[in-house]
Structure formats: structure tokens, C-alpha cells
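Predicted model follows, preceded by the sequence.
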Amino acid sequence: MRAAAVVRTVLEHGRTIFAELRSAPPLTLRQTGPHTVHLVSTAAGPLGGDVLDLALDLAPGTTLELASIGSSLVLPGPGESLSRVTARVGAEASLTYTPEPVVLASGAVHRSLVRLEQSPAARVLWREELVLGRHGEPAGRCRTRFDATVAGRPLLRQDLLVGDPSTTASPAVYGTSRCLGTTLITSCDGEEAVVGDGVAVLPLAGPGTLVSALADDTVTLRRRLLWGEAVAQARDPAP
């Protein structure tokens, strides 16, 4: 299956308008508030061999909050599945991207690519959570790549490989944890790292802050990420 979805905003009379809201199952988009769009799962997957593309295009001065109704379950199939998200965020625009966790079922082979391009005056909070297998089963294999740029200059380049013997056997990657998560906040400019229980808040040369967390369950993972986000935003100089 190949599917593509698009969210495009424009500014009209000081208000955010969704100029384009295009869906294709399983990427089904529903506007649920003045600035809010939810992804609603209308088909299983992604399955092995699926290619799913989501494009977000925020005009200057607009706001988008994108979430999902439930978790995504990546399932095995004939080949590797691929999810691509591309986001362009204009000056003074604000993007909050907080979908529910992605669950990597046993036997799945998946690749996730994110490309974020923003202006220096934009504000982005981008959270991703990954669950390594359903209850009582080993995780499938997944490689993730996150590329973020500000005015064309690199802010973050991050690769992660899970479900591979080279990483599952190493305590230096994620050890025995079953849930992994990160939040990128591009408007925060911290000077020192802050480390808590299972979570690290790391300043980037951007400005920006990366929150990374590990946990044994999704509830603890979300709590740790929210704690890290609060720490980062408490030192955000912007109102």
C-alpha cells in the first residue's frame, strides 16, 4: 500500500486556516479544533511493504497541533515498511507534533524518516515514542532517522536502530527498556544538561533542546518525557 496525506495552513485575517487537509487510508486526518488535527487509523498497519507519507506545511504565523487517536501497530509483511514525515514551518509559526506511540510488532521490519525544516522564528515541539513489541513478544526491527534544520543549517541529525543484535545486546543503547522516546523543542535554549530518572534534557547548538527517555512501560515513558519537556520549557526565554 502507498498512501499520502497533507496538512497545509494559511493565515487569513490573523487566523489559522487549513487550506489543504488531504487523507489516504490509513493516514486519515480529521480537524478536531481551531488549530488541531488528529490522525485516525482507518486501516491496519503499516504492514511490511507499505509506504506512508505525511507532509506538513505551515505558513508564517500559523499554528498546528497534530496528534493521533491511538497507537500505531507496525506489522510484518512482504518487505520493509516505510513512514516518511516532512514538515516545513514558516516564520512565527508554531507546530506541536505529539502522536501516540508506535508499537513495533515481532517480525516487523520498518524504517521511519523525518525531515523538519523551520525558520529561525518558528516554534516546534516534536515528540515520538516507540514501544519494542507487544506484551510478551520481542520487538521487530526498526531504523529511524531524524533530520532537523533551521534556516538551512543543521540542528539535529539522529539515527536509531532497534531490534538488531548489535543494539539489543548492548546496555549502552537501551538496555532492558521496552519503551523509548524523544522530544525536540526548537524554541528552548538551555546551557547545561539536566538528568533525571530515566530521562536526559540536552541543549543543542540551535537553539533547541532534546529530551530523551527510556522506560519499561508507556505510562512511565510519557511521564518522563513530560517532565523533561517542562524542564526545558521552564528555561525558554520566549513567552
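Great, that's in hand.

With Thr16 as the reference, measure out to the closest residue to Glu20 other than its chain neighbours.
Excluding the flanking residues, the one nearest Glu20 by C-beta to C-beta, 6 or more residues apart in numbering is Arg8, at 3.8 Å. C-beta coordinates here come from the backbone N, C-alpha and C atoms, glycine included. From Arg8 over to Thr16 the distance is 11 Å, taken as C-beta to C-beta, to the nearest Å.

Go ahead and confirm Leu225 touches Ile185.
No: assessed by C-beta atoms under 8 Å, Leu225 is found out of contact with Ile185, at 10.9 Å.

out of the two, which sits in the more crowded spot?
Neighbours were counted for Leu225 and for Ile185 using other C-beta atoms under 10 Å; Ile185 has more, 26 against 23.

Please report the confidence value the model assigns to the more buried one.
Per-residue pLDDT puts Ile185 at 96.

Grab the longest helix from the protein for me.
With secondary structure taken from DSSP state H, the chain has its longest helix at helix 218-234.

Dead centre of the chain: give me the residue that sits there.
Central residue of the chain (C-alpha atoms, centre = their mean): Glu128, 3.5 Å from the mean position.

Ranking helices and strands of this protein by mean pLDDT, which lands last?
Using mean pLDDT, DSSP states H and E, helix 165-168 stands out as the lowest-scoring helix or strand of the chain, at a mean of 71.

Thr218 and Val131 touch, don't they?
Yes: counting by C-beta under 8 Å, Val131 is a contact partner of Thr218 at 6.2 Å.

neighbour-wise, which of the two wins?
Per other C-beta under 10 Å, whichever of Thr218 and Val131 has more neighbours is Val131, with 25 against 17.

Much appreciated, bye for now.
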